[in-house]
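In: quick one: sequence plus predicted model below, questions after.
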Amino acid sequence: MLWLLLAASYVIGSIPTALIVGKLFFGVDIREHGSKNPGATNSLRVLGKGAAIFVMLVDIGKGAAAASLPLLFHLDAEPIYFGLLAVVGHCFPIFAGFRGGKAIATTAGTLAVVNFPLLAAAYLMFFLVIYLSKYVFLGSISVGLSLLIYSLISPQVNFNLIFFIFTLFLIYLHRSNIRNFLLGIEPKINDKSLINDRIPPKNNHFKM
């Protein structure tokens, strides 16, 4: 049962929400537009607010569903392992050629089940860093760092190694953003030129 549920967690995470929304309602492969990342942030950039909210909620739900599996099946195992496998599935989805998103929404869903104070600490830092820097990738990497620091200082949380590896994983996922930042070409979240990447929907869905 353990291995079956772990595999199920990866499969749940592999559902390519942004890719499905882009193809069904906009007739595009979102991985060919904007930042080319099939996640909520690029969905906002390319598909608009309505699509981005839908993608974000489903991606959060993937992490929460996977982390809930050991609880639903009364399995004596840490929910975080199942949630993080969903994160891996989101980033390297078997249903989309292993070209996925960058973990942040699915991680939030995982933490909502695993430890709500962890969720609050990490995502308060996420939004604070974005607000101060205007760079989403810095906010994303700060999630991993926040989780690691919280685990180091809190006696109730003992995931030091997991969150250290997760931080390195986030840095790896955002390596192109880091490179662009060093080259001075990484766009800020308030860059008005990003509107040029917007694609109109084929129908009335997701118009906001």
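Out: Structure's in. What do you need?

In: test for you: state the pLDDT assigned to the closest residue to residue 105 other than its chain neighbours.
Out: Once flanking residues are discounted, residue 105 sits nearest to residue 59: 3.7 Å by CB to CB, 6 or more residues apart in numbering. Every residue, glycine included, has its C-beta placed from N, CA and C. The score at residue 59 is 97. That number is its pLDDT.

In: separation between residue 59 and residue 150?
Out: 22 Å (CB to CB, to the nearest Å).

In: looking at these two, which is more packed in?
Out: residue 59 (31 against 20; other CB atoms under 10 Å).

In: and that one, what is it in contact with?
Out: 17-18, 39-40, 90, 101, 105-106, 109 (CB atoms under 8 Å, 6 or more residues apart in numbering).

In: and residue 61, what does it touch?
Out: Applying CB under 8 Å, 6+ apart, the residues near residue 61 are residue 109.

In: what about it, which helix or strand?
Out: helix 49-72 (DSSP states H and E).

In: what's the answer for residue 128, then?
Out: Applying DSSP H and E, one finds residue 128 within helix 116-133.

In: run the chain-centre distance for the helix or strand just after that helix.
Out: Next in sequence after helix 116-133, counting helices and strands by DSSP H and E, comes helix 136-153. Mean-position distance between helix 136-153 and its chain equals 14 Å (CA atoms, centre = their mean, to the nearest Å).

In: the following helix or strand past helix 136-153 vs helix 116-133, what angle?
Out: Toward the C-terminal end, the helix or strand that comes next after helix 136-153 (DSSP H and E) is helix 160-173. Computed by axes from the mean of the first three to the mean of the last three CA atoms, to 10 degrees, the angle separating helix 160-173 from helix 116-133 equals 30 degrees.
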